[in-house]
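Chemist: this is the structure alone, sequence omitted:
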Ligand SMILES: [Zn+2]
């Protein structure tokens, strides 16, 4: 898809405010640039917000938009067809484990998923006794969530008006890279969390070998909608600036974790395995993941 010149805007680095960058990759007429001061990678110039909003239509959620890997309708079908242990279960257990330390005794934590899509994660979190709600821009996707009986508001982060300290857990899976002003949004998220509340995010990892090998062909470069691409360093810097106390940025993509799940090494009963041999395998996979994974899993405690 070609866009006319007037659809674009130029932006400064969202993390440090500088307008001092090096061009790294070109894709479909867009440039991904890297800030010379802090190292953040961002699309510049990028589409104006109203042009981007128009891209997230029903087609997008069925894999016909700029992100061909998105197929929420298929996700829902897969999700509904089997009720087996998935990585979402593992994520829920990992979050509960963290909460048990930061908020002991909280038996029904209030969880908000921002950008909940068709609600596959929320449905799992519900089964794990989180008290769930969603925030989602797309009416099309939100309808799936409402049918599950989970409340969802169709608003942006800027327009949602939750009181400070509303949630014990906030989840943003594959969302932060889409946000035009991640710093502002993370400050809002921090305010919405209770003290001891947990933020869980997943996003791409700029420093992964796949990006180094494939360059602009790296699947995560989708400059129409992926506006900022993070590394361990820039993500940690964001969370530190926003005021999170306990920050854990790990490179844990899905592939090897799925292998651990299929082998029964991670399960709802043991997000961290108990048997010594499985513990060794688990640590090994996470160590390998740290060097090869295209994805980051991020946990931060307020
Ligand atoms: Zn910068």
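Modeler: Right, received. Where do you want to start? Everything quoted here is computed from the prediction, not taken from an experiment.
Chemist: skip ahead from the one helix or strand residue 124 maps to and say which helix or strand is next.
Modeler: Residue 124 belongs to helix 120-127 when assigned by DSSP states H and E. Next in sequence after helix 120-127, counting helices and strands by DSSP H and E, comes strand 131-135.
Chemist: got the buried residues for that following strand?
Modeler: Neighbour-count burial for strand 131-135 flags 132, 133, 134, 135 (criterion: 16 or more other Cβ atoms under 10 Å). Just so you know, the C-beta spots here come from the backbone N, C-alpha and C atoms, and that holds for glycine as well.
Chemist: any idea which of these is closest to residue 26?
Modeler: Set against residue 26, the nearest of the buried residues of strand 131-135 by Cβ to Cβ is residue 135 (33.5 Å).
Chemist: phi first, then psi, for the closest residue to the closest one other than its chain neighbours.
Modeler: Nearest residue to residue 135 in three dimensions, chain neighbours excluded: residue 114, at 4.8 Å (Cβ to Cβ, 6 or more residues apart in numbering). Summarising the backbone geometry of residue 114 under the convention degrees, to the nearest 10, its torsions are phi -90, psi 130.
Chemist: thought residue 175 was touching residue 114, still the case?
Modeler: Yes. In terms of Cβ atoms under 8 Å, residue 114 counts as a neighbour of residue 175; the distance is 5.8 Å.
Chemist: where do the strands sit along the chain?
Modeler: Under the criterion DSSP state E, the chain carries strands at the ranges 8-9, 21-27, 30-35, 41-43, 46-47, 110-114, 131-135, 152-153, 167-173, 193-204, 228-229, 246-250, 295-301.
Chemist: nearest to the ion among these would be which one?
Modeler: strand 30-35 (3.1 Å; Cβ to the ion).
Chemist: can you tell me what sits against the closest one?
Modeler: 13, 15-16, 18, 20-26, 40-46, 216, 221, 223-224, 229 (Cβ atoms under 8 Å, 6 or more residues apart in numbering).
Chemist: try it again with 7 Å
Modeler: Contacts of strand 30-35 with the rest of the structure, by Cβ atoms under 7 Å, 6 or more residues apart in numbering, involve 13, 15-16, 18, 20-25, 41-44, 221, 223, 229.
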